[in-house]
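Colleague: Predicted structure and sequence below. I'll ask about it afterward.
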Amino acid sequence: MITFDVRHYDRIGSTNDEAMRLAREGAAHGTIVHADEQTAGRGRLSRRWLSPPGNLYLSIVLRPDVPEARVVEIGFVATLAVADAVNALLPRRLRATLKWPNDVLVSGGKIAGILLERSDDALILGIGLNVLHAPTGVSYQVSTIVGCGGLATVDGARERLLSEFANWLGTWEKEGFAPIRTAWLARAHPIGSTIRARLGERFVTGTFAALDDDGALLLDTAEGRTRIVAGDVQMA
Ligand code: BT5
């Protein structure tokens, strides 16, 4: 079972950048950078992650013993951990739903973001979770734990998230991707949902057919079955 060594910072540029720096200095598997506030929080594809005080921002140094092709599976492990932590903190009538690949939504709003990056021989798993503060100026709907009627402090959310992550990571290490895939599907948009995906410069619309054995999205479109390995999708 992974053990965590949490390093806390009041304010930092990006916890992923600091975790990368520590990883280059040899930081161990399970080293965590947690900041109260980020001034240069990052999303995927150079997008910004708005990071005012009141939410959870952390990055975990991971040194898993798996081939490069399986690294993407860790994003799904993290997504499940976030979803289960969020569910534990929300009132029972509300549940987190997942959108491929790593979005966690509550009441249609994005409550968390996951950014998995490589740093030489380590992986850096960055997680942002909106606990108290819903940032404004975001182009789509945003949710927070407290805004959805949940009860949580940032430190309480961190403890819950890390315990869920340790459990799901242990399952993945022992049993591989199959149980992760099954659990992800149970919390995600149903098979048959209409999804619009960006493929480079163009968009395709199709119905969700399956999550492939390696985490790729399988869509049934007018052009036949399409396999999407990376990118953004919207529910149409
Ligand atoms: C993500 O990117 O969802 C990954 C975000 C990862 C953030 C964590 S925080 C700790 C660690 N350190 C970092 O520097 N980053 C990681 P993406 O799918 O590209 O979504 C980014 C988009 O989400 C932005 O373009 C905004 O529209 C929206 N957004 C920005 N801040 C948000 C927030 N706090 N809550 C919800 N949506 C937000």
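Modeller: Arrived safely.

Colleague: Okay, and the beta partners of the single nearest residue of the chain relative to the ligand?
Modeller: Here the chain gets closest to the ligand at one residue, residue 113, 2.4 Å apart by Cβ to the nearest ligand atom. Just so you know, the C-beta spots here come from the backbone N, C-alpha and C atoms, and that holds for glycine as well. Counting by DSSP bridges, residue 113 is bridged to residue 128.

Colleague: which residues does it contact?
Modeller: By Cβ atoms under 8 Å, 6 or more residues apart in numbering, the residues touching residue 113 are 43, 49, 102, 103, 127, 128.

Colleague: any idea which of the residues you listed is closest to residue 81?
Modeller: Checking those against residue 81 by Cβ to Cβ gives residue 127 as the nearest, at 8.3 Å.

Colleague: Run through the residues that contact that closest one.
Modeller: Residues in contact with residue 127 (Cβ under 8 Å, 6+ apart) are 56, 57, 58, 59, 60, 78, 82, 112, 113, 114, 115, 161.

Colleague: Please list the residues of the protein that sit near the ligand.
Modeller: By Cβ under 6 Å from any ligand atom, the part of the chain that sits against the ligand consists of 14-16, 38, 41-45, 47-50, 57-59, 110, 113-115, 126-128, 130, 135, 138-139, 142.

Colleague: Among those residues, which ones are in strands?
Modeller: Judged by DSSP state E, strands contain the following of those: 38, 57, 58, 59, 110, 113, 114, 115, 126, 127, 128.

Colleague: In the longest helix along the chain, which residues are buried?
Modeller: When the chain is parsed with DSSP state H, its longest helix is helix 154-175. By 16 or more other Cβ atoms under 10 Å, the buried positions in helix 154-175 come out as 154, 156-158, 160-162, 164-165, 167-169, 172.

Colleague: Most widely separated two among the ones in strands among the residues of the chain next to the ligand?
Modeller: 59 and 110 (18.7 Å).

Colleague: are any of the residues of the chain next to the ligand buried, and which?
Modeller: Taking 16+ other Cβ under 10 Å as the criterion, what is buried in those is 14-16, 38, 41-42, 44, 49-50, 57-59, 110, 113-115, 126-128, 130, 135, 142.

Colleague: Quick check: mean pLDDT of the helix or strand where residue 207 lies?
Modeller: Using DSSP states H and E, residue 207 sits within strand 202-211. The average pLDDT within strand 202-211 is 93.

Colleague: go on, stretch 45-57?
Modeller: Rounded mean pLDDT across stretch 45-57 is 95.

Colleague: how about that stretch as CSV, C-alpha atoms only?
Modeller: Output in CSV follows, covering the C-alpha atoms of stretch 45-57 (Å, rounded to 0.1, in the frame of the first residue of the first chain):
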residue,chain,number,x,y,z
LEU,A,45,-3.3,21.5,-23.3
SER,A,46,-1.9,24.7,-21.6
ARG,A,47,-5.3,25.7,-20.2
ARG,A,48,-5.5,27.4,-16.8
TRP,A,49,-6.8,25.9,-13.6
LEU,A,50,-8.2,28.7,-11.4
SER,A,51,-6.9,28.1,-8.0
PRO,A,52,-8.1,30.5,-5.3
PRO,A,53,-7.8,29.6,-1.6
GLY,A,54,-10.6,27.3,-0.3
ASN,A,55,-10.1,24.4,-2.7
LEU,A,56,-7.8,21.4,-2.8
TYR,A,57,-4.7,21.5,-5.0
